[in-house]
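*Asks:* below is the structure, and that's it, no one-letter string:
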């Protein structure tokens, strides 16, 4: 009888301990102190923040939208030396300590039916433990349909890596189209975008080439080329001014058209 009672108590303690760990434990931060390695995006490439909540991590920059509980854009540089196959231990998703209101808790996604979809892919940051772990801040994720996340969105991420290997350094900015009336998940009402965008730039000056994509957040077997749009179209859908610091003549030339010449699909 004593053994049964002791066993029951131990089981109860284990269950309570597991529940507390699952529901309340998160590491404090993945960021390193000043002096650690960094790869921050140049300010002259960043989009305008419609929220004023810009966060600079060591390896990417984002603009957080508190009403939608996710980033309106995440911007980063992808270099050939970033494309490694280092084996990294997958960390916990945690709230972003640099977002003034804190980013959404990962538990909003639990049993929601949606993936915690990375905006900056973790696979683009395997070259460094810090860089990899930083992609697991919840400010860098958005609710995504599993078939979309593992399907055409993953296809586009792989295509970007291919372009980086082939052409060299790229600048990428990406996010969901955040608008009124979106479905929501979790206690914090995290919005579920119906459409996602990605803008990819290579070269500089007169040799600058830019591709922009708008892709519905659903399974698709269509080729990526079917989702090409102008940067102006992405700006119209999102209300974000991309490349706002660039000269007007540059913006008119680059943003107004769809030009896939010089990009191998």
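*Replies:* Done, it's in. As the structure is a computational prediction, the values presented were derived from the model and not from experiment.
*Asks:* what's the distance between the residue nearest to residue 146 when sequence neighbours are not counted and residue 217?
*Replies:* Distances taken as Cβ to Cβ, 6 or more residues apart in numbering place residue 115 nearest to residue 146, at 5.2 Å, with adjacent residues excluded. Just so you know, the C-beta spots here come from the backbone N, C-alpha and C atoms, and that holds for glycine as well. Using Cβ to Cβ, to the nearest Å, we find residue 115 at a distance of 10 Å from residue 217.
*Asks:* what sits against the residue nearest the centre of the chain?
*Replies:* With distances taken as Cα atoms, centre = their mean, the residue of the chain nearest its centroid is residue 119 (1.6 Å). Contacts here follow Cβ atoms under 8 Å, 6 or more residues apart in numbering; on that basis residue 119 touches 62, 71, 74, 140, 141, 142, 174, 175.
*Asks:* hang on, the first one packs against residue 51?
*Replies:* In other words, residue 62. No - between residue 62 and residue 51 there is no contact under Cβ atoms under 8 Å: 10.4 Å.
*Asks:* so which of the two has more stuff around it?
*Replies:* Taking other Cβ atoms under 10 Å, residue 62 and residue 51 do not tie; residue 62 has more neighbours (31 against 14).
*Asks:* helix, strand, or coil at the more buried one?
*Replies:* strand (DSSP: H, G, I helix; E, B strand; the rest coil).
*Asks:* which residues of the chain fall in strands?
*Replies:* Along the chain, the segments classed as strands by DSSP state E run 54-56, 61-65, 70-78, 115-118, 141-144, 170-176, 184-185, 190-191, 195-202, 209-216, 228-229.
*Asks:* quick one: low-confidence ranges for the stretch 151-265 of the chain?
*Replies:* Along the stretch 151-265 of the chain, the model assigns pLDDT under 70 to no residue.
*Asks:* who's in contact with residue 188?
*Replies:* Residue 188 touches 69, 104, 105, 108, counting by Cβ under 8 Å, 6+ apart.
*Asks:* top of these by number of neighbours, please.
*Replies:* For the contacts of residue 188, neighbours were counted by other Cβ under 10 Å; the highest total belongs to residue 104, with 29 neighbours.
*Asks:* residue contacts, that one?
*Replies:* By Cβ under 8 Å, 6+ apart, the contact set of residue 104 is 69, 70, 95, 138, 186, 188, 190.
*Asks:* make it 10 Å
*Replies:* Shown in contact with residue 104 (Cβ atoms under 10 Å, 6 or more residues apart in numbering): 64, 66, 68-70, 93, 95-96, 138-139, 141-143, 185-191.
*Asks:* before we move on, what about residue 214?
*Replies:* 177, 195-198, 227-230, 233-234, 237-238.
*Asks:* repeat that for 8 Å
*Replies:* So residue 214 contacts 177, 195, 196, 197, 227, 229, 233, 234, 237 (Cβ under 8 Å, 6+ apart).
*Asks:* the residue nearest to residue 146 contacts residue 144, doesn't it?
*Replies:* Yes - proximity of residue 115 to residue 144 meets the contact threshold set by Cβ under 8 Å, at 4.8 Å.
*Asks:* more crowded one of these two?
*Replies:* More neighbours surround residue 144 than the other of residue 115 and residue 144, with 24 against 18 (other Cβ under 10 Å).
*Asks:* now the more buried one: closest residue in space, sequence neighbours ignored.
*Replies:* Closest to residue 144 by Cβ to Cβ, 6+ apart is residue 117, at 3.2 Å.
*Asks:* wait, that neighbour touches residue 149, no?
*Replies:* Yes - in terms of Cβ under 8 Å, residue 117 counts as a neighbour of residue 149; the distance is 4.6 Å.
*Asks:* the two: which is more packed in?
*Replies:* residue 117 (24 against 21).
*Asks:* pLDDT wise, what is that one at?
*Replies:* You'll see residue 117 listed with a pLDDT of 98.
*Asks:* check contacts around it.
*Replies:* 141, 142, 143, 144, 148, 149, 153.
*Asks:* adding distance to residue 163, write those out as CSV.
*Replies:* As requested, the contacts of residue 117 are arranged in CSV below (distance: Cβ to Cβ, whole Å):
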residue, distance to residue 163
141, 23
142, 22
143, 27
144, 22
148, 21
149, 20
153, 16
